[in-house]
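Peer 1: predicted coordinates and the sequence they were generated for:
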Amino acid sequence: MPIIETAYGKVRGAEIADGVLAWRGLPYAAPPVGDLRLRPPQPPASWAGVRDALEYGNRSLQPDLVEAPQVPLPLMAEDCLYLNVTAPAGAVGRPVLLWIHGGGFEMGHGPDAAGDGAAFAKSHGLVIVTFNYRLGALGFLDVPGERPTGALGLHDQVAALRWTRENIAAFGGDPDQVTVYGLSAGGKSVTNLLASPLTKGMIRRAAQSSGGDHVKDAAQASDLTERFLRALGTTAERIRAVPAADILAAQRATAAPPLSTWIWRASVDGTALTQPPLDAIAGGAAAGIPLLLQTCARETALYQLMDPRAAAQADRVLARYFGQERAAAMLAGYAAAHPELDATTLRGVTVMTDERYVVRTERLADAHAAHGPVWRSRYDGPYTGMEDDPDPDFAQYAPLLHGAHGADGGGIWQGGAGLSAALHDAWGAFATAGDPGWPRYEPAGRAAMIFAEDGPRLEKDPFAPAREMWSGLEWQPGTWWNLDDAS
């Protein structure tokens, strides 16, 4: 059994595959309970002897959408700040890939999509770190009178990154070669980490799938806090006295999935974020850090599948942002640009995909390109890993989910054949050498790699239609659904 000495004590892992070792459930911060609820993470306590690190730690409290998952999940608890390390046996000074899971900042846990990371440990000799962070209200509620507040889940991510820098050498990783990568909420977290003054010197490279830029403004934070405290039935001063189960119940009463999608996210709290992320990155906050940005062709087909009401929201959302006249003109423009699409697909997938993901990612690419190398890509293929999915209720929707949100995650992490192999190799090359294998994104040509079913191909400026449609527009992203429909 491999025993490693961390800054806090010795841990015993296990060999999980031929030549691959893993340590699970390592505390990277003190349990955020009692007086530490809704406060920044504190260092973990040290321990004597050898701690077994064989099981994943607790997940953050979250709504469970599947009553009986095919694979048993760790328990949910407030005490959730744990991480996992996977490494090739005998590794010394290997590049590190730190994964930030998705789930809308309200669901998920460290191994989601990534699993144990053994495929990258074998194929590219990477040391993998996955971790849990506080979700939903416990991670992103703005509590009146508290400072900092509204971004504690981001503070957790910084703490996990700091633990990695301080301890990963003992596991065979190079603390100066840490790539952060996330998908969905994890991708948006990568943007936040690049913009944060707390991460200086800790990130060598960064990659994201379906990320971009998405934080609350003061008005959204205040409205969400008011709704949550009303559902909780108490005041901000007593929020540490209520049971954790009541926190989760109030969160669900405020809005349950899918209406809750995109309401839980970081605020600019003055500490982890001192200005909107794109402003910070445009100012050089992440200068010199190579950045890989991927979006999917039909991101929001997944949301339309989850909730058929999603398509009907486009008119209202665009009108809220820009007024009825501009909204009508934009929808007419989309109809002219995509005559092959019916209204449902047009409004529920194309508009939503551009507003939620493509345009925000394009602006991130342009903001960073002045200060560091950027690579851009798009995934158009099937939902990777679905062919092996044990859940037939999900697998039957495979044809609808080509190029959908999260469709690239399985291929990137697990590899395989065809497009999955191409994705895996590109991300592995980026994490080891800082170059995924195609020309950089430059504002003059905006080249992007398209991972299509018939094979990868390079295209010049494939995102031009979306960028031009939204050119000159500024808006504060909100939730796509109307929270007043929650009841």
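Peer 2: That came through fine.
Peer 1: tell me, how many residues neighbour residue 268?
Peer 2: Look at residue 268: counted by other C-beta atoms under 10 Å, it has 23 neighbours. For every residue, glycine as well, the C-beta is placed using N, CA and C.
Peer 1: pretty sure it sits against residue 275.
Peer 2: Yes - the criterion here is C-beta atoms under 8 Å, and residue 268 meets it with residue 275 at 6.3 Å.
Peer 1: got the contact list for residue 464?
Peer 2: residue 446 (C-beta atoms under 8 Å, 6 or more residues apart in numbering).
Peer 1: one more: residue 280?
Peer 2: Going by C-beta under 8 Å, 6+ apart, residue 280 touches 194-196, 273-274.
Peer 1: out of those residues, list just those in helices.
Peer 2: 194-195 (DSSP state H).
Peer 1: low-confidence ranges, the protein, go.
Peer 2: Counting by pLDDT under 70, the chain contains low-confidence residues at 1, 66-70, 344-345, 347-348, 385-398, 485-487.
Peer 1: any idea how it splits into domains?
Peer 2: Following automatic domain parsing, the chain resolves into domains at 1-196+205-288, 290-482.
Peer 1: before we move on, the earlier item: can you add distance to residue 157 and neighbour count and give the contacts of residue 280 back as JSON lines?
Peer 2: Putting the contacts of residue 280 into JSON lines (distance: C-beta to C-beta, whole Å; neighbours: other C-beta atoms under 10 Å) gives the following:
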{"residue": "194", "distance to residue 157": "12", "neighbour count": "24"}
{"residue": "195", "distance to residue 157": "12", "neighbour count": "29"}
{"residue": "196", "distance to residue 157": "9", "neighbour count": "26"}
{"residue": "273", "distance to residue 157": "12", "neighbour count": "23"}
{"residue": "274", "distance to residue 157": "16", "neighbour count": "15"}
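Peer 1: so which strand or helix has residue 248?
Peer 2: For residue 248, the enclosing helix or strand under DSSP states H and E is helix 244-254.
Peer 1: give me the contact list for that helix.
Peer 2: By C-beta under 8 Å, 6+ apart, helix 244-254 touches 33, 61-63, 77-78, 106, 136-138, 224, 227-229, 231-233, 239, 260, 263, 483, 486.
Peer 1: try 7 Å
Peer 2: 61, 63, 78, 136-138, 227-228, 231-232 (C-beta atoms under 7 Å, 6 or more residues apart in numbering).
Peer 1: what of stretch 192-206?
Peer 2: Residues from elsewhere that reach stretch 192-206 (C-beta under 7 Å, 6+ apart): 154, 157-158, 161-162, 165, 176-180, 190, 266, 272-274, 277, 280-281, 285-286, 289-291, 430-431, 434.
Peer 1: in PyMOL, select just the buried ones from those.
Peer 2: Selecting only the buried entries of the contacts of stretch 192-206 in PyMOL, with 16 or more other C-beta atoms under 10 Å as the criterion:
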select buried, resi 154+157+158+161+162+165+177+178+179+180+190+266+272+273+277+280+281+285+286+289+290+291+430+431+434
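Peer 1: in strands only, show me the contacts of stretch 192-206.
Peer 2: 176-180, 291 (DSSP state E).
Peer 1: what comes up buried for stretch 192-205?
Peer 2: So for stretch 192-205, counting by 16+ other C-beta under 10 Å, buried means 192-196, 198-199, 202-205.
Peer 1: contacting residues around the residue most central in space within the chain?
Peer 2: The residue lying closest to the centre of the chain (C-alpha atoms, centre = their mean) is residue 186, at 1.2 Å. By C-beta under 7 Å, 6+ apart, the contact set of residue 186 is 100-102.
Peer 1: got the contact list for the closest residue to residue 266 other than its chain neighbours?
Peer 2: In space, and not counting its chain neighbours, residue 266 is closest to residue 151: 4.0 Å by C-beta to C-beta, 6 or more residues apart in numbering. Counting by C-beta under 7 Å, 6+ apart, residue 151 touches 140, 266-267, 269, 272-273.
Peer 1: what does the nearest residue to residue 14 once chain neighbours are set aside show for phi and psi?
Peer 2: Leaving aside its chain neighbours, residue 14 sits nearest to residue 54 (5.7 Å; criterion: C-beta to C-beta, 6+ apart). The phi and psi values for residue 54, taken as degrees, to the nearest 10, are phi -110, psi -10.
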